[in-house]
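Trainee: Sequence plus the predicted model coming up.
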Amino acid sequence: MSIKTVSRVFNEEPNVREETRPEDLEAGAAVLLISEDLDELLELSDRIAVMFDGRLVHQTTAELADIGLIGRCMAGHGVELTA
């Protein structure tokens, strides 16, 4: 991925789909998208991981994603936290 793409992401102007070159993806490049917009995540992602309170609490593929479960995990519902 180019420096231009990374810069756009950090400046909150992500246009990752158009900026990511097919040859980058074929070479195994990855894009880390951090978002609370579930529709955006499902549209752009192959895999989804949810973190809450600094811990990974859920992982799934976009194809098998349960939007309700992802939302609950993002909000910390059903997530057991230890001190």
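Mentor: Alright, I've got the coordinates.

Trainee: In this structure, where is pLDDT below threshold?
Mentor: 1-21, 25, 80-83 (pLDDT under 70).

Trainee: Number of residues surrounding residue 31?
Mentor: Residue 31 is flanked by 18 other residues according to other CB atoms under 10 Å. Placement of C-beta: from N, CA and C, glycine included.

Trainee: An error on my part: the question was meant for residue 78.
Mentor: The number of residues near residue 78, taken as other CB under 10 Å, comes to 11.

Trainee: how close does the closest residue to residue 72 other than its chain neighbours get to residue 31?
Mentor: Residue nearest to residue 72 in three dimensions, not counting chain neighbours: residue 78, with 5.5 Å by CB to CB, 6 or more residues apart in numbering. Residue 78 sits 28 Å away from residue 31, going by CB to CB, to the nearest Å.

Trainee: same question, residue 48
Mentor: 13 Å.

Trainee: Over to residue 70?
Mentor: Residue 70 is 18 Å from residue 31, by CB to CB.
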